[in-house]
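A.B. asks: How does the following fold in three dimensions:
(one chain, ligands or ions: 1)
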Amino acid sequence: MKQPIMLVTGASRGIGAEIAKLAGRSGYKVGVNFNRSEQPAREVVAEIKANGSDAIALQADAGDAKQVAKMFEQLDAELGTLDVLVNNAGILSKFNVVDTDYAQLNEVFLANVFSQFYGAREAVRRMSTALGGRGGAIVNMSSVAARTGGLSGGAAYAATKGAIDSFTMALAKEVGTQGIRVNAIRPGLIATDIHDAHGGLEQMERLAKSAVPLARSGSVSEVAEVALWLASGAASYVHGAIIDVSGGR
Ligand code: NAD
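C.D. replies: Purely as a prediction, here's the structure:
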């Protein structure tokens with residue numbers, strides 16, 4: 001039987017790396033996208049191969065349309081046609097609205113929102129049954145910040161994730177009859193290095209104890225499990241859904 005193929009953006013570390021590795025262990029061939037962190041991406045690829053599946057590292061700035069198009073061509077040529085896209089790449093930002101400048105705003109919207117449009121565009125072109133494809137699934141990484149407003153100084157980040165919630169519901173309507181399921185995950189406080197921008201892991205763990213009903217942060221594995229479930233046939237009637245993975249927060 002043909003092995004399904006998954007592309008994970010921003011997969012050299014954190015949640016993306018964990019999704020890529022779990023996908024490998026679940027029988028997927030995996031495209032491991034990175035922007036600048038080539039060595040860590042190669043380590044993710046090596047681990048997937050050591051566990052008996054296949055993977056390639058794919059360099060592209062997910063917020064750059066041309067680079068994303070080239071990355072998908074490389075995936076087509078070296079691994080095969082995509083079955084699942086996980087739009088995971090993203091960055092945290094910290095600046096008050098009163099200090100907003102174009103460069104900062106542009107950076108966070110390119111990385112968090114434009115990236116998901118560009119990835120979805122290339123994925124739908126390949127997966128849509130209306131375009132000769134065989135269907136597939138898209139999983140978008142949102143955040144609880146979409147509904148809480150995020151941490152202080154996080155307006156731009158929260159706004160990008162609010163956009164992802166709307167984008168997910170809209171794309172689900174657009175491609176539901178084309179064999180493509182689209183869903184999103186809203187992680188809460190998950191222990192990764194993304195928190196360096198907001199005081200680091202220790203501060204995040206303190207916040208998790210008081211702000212999260214389960215009184216702890218989540219692990220990358222607890223998010224990856226949900227991503228793999230959403231991608232799988234077990235979630236065949238789950239579409240346009242935005243799933244909180246946030247310990248109740
Ligand atoms: P992380 O910083 O560990 O990983 C993010 C990865 O995305 C990094 O490898 C980074 O280099 C990559 N990336 C960023 N911009 C990119 C670009 N333009 N092109 C390619 N790669 C790019 O963070 P994480 O915690 O693993 O976050 C993964 C996703 O989960 C993000 O979308 C983030 O917003 C979301 N999220 C995380 C948390 C959390 O608490 N960790 C909570 C809610 C949502």
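
A.B. asks: the longest helix in this structure is where?
C.D. replies: The longest helix of the chain (DSSP state H) is helix 155-175.

A.B. asks: following it, which helix or strand shows up next?
C.D. replies: strand 180-187 (DSSP states H and E).

A.B. asks: What pairs with that following strand, parallel or antiparallel?
C.D. replies: The partner list of strand 180-187 in its sheet, established with DSSP bridges, is strand 136-141 (parallel), strand 242-245 (parallel).

A.B. asks: Give me the contacts around the following helix or strand past it.
C.D. replies: Going down the chain from strand 180-187, the next helix or strand is helix 200-211, by DSSP H and E. Residues outside helix 200-211 that contact it (CB atoms under 8 Å, 6 or more residues apart in numbering) are 189, 191, 193, 195, 198, 215, 216, 217, 247, 249. C-beta here means a position set from N, CA and C on the backbone, and glycine is covered the same way.

A.B. asks: Following the chain onward from helix 200-211, which element is next?
C.D. replies: Later in the chain than helix 200-211, the nearest helix or strand by DSSP H and E is helix 220-231.

A.B. asks: Pull out the buried residues from that next one.
C.D. replies: 220, 222, 223, 224, 225, 226, 227, 228, 230, 231 (16 or more other CB atoms under 10 Å).

A.B. asks: For the spatially most distant residue from the centre of the chain, give its distance to residue 154.
C.D. replies: The C-alpha centroid of the chain is most remote from residue 98, which lies 29.2 Å away (CA atoms, centre = their mean). Here the criterion is CB to CB, to the nearest Å. By it, residue 98 lies 14 Å from residue 154.

A.B. asks: Check residue 210 too.
C.D. replies: Distance from residue 210 to residue 154, counting by CB to CB: 18 Å.
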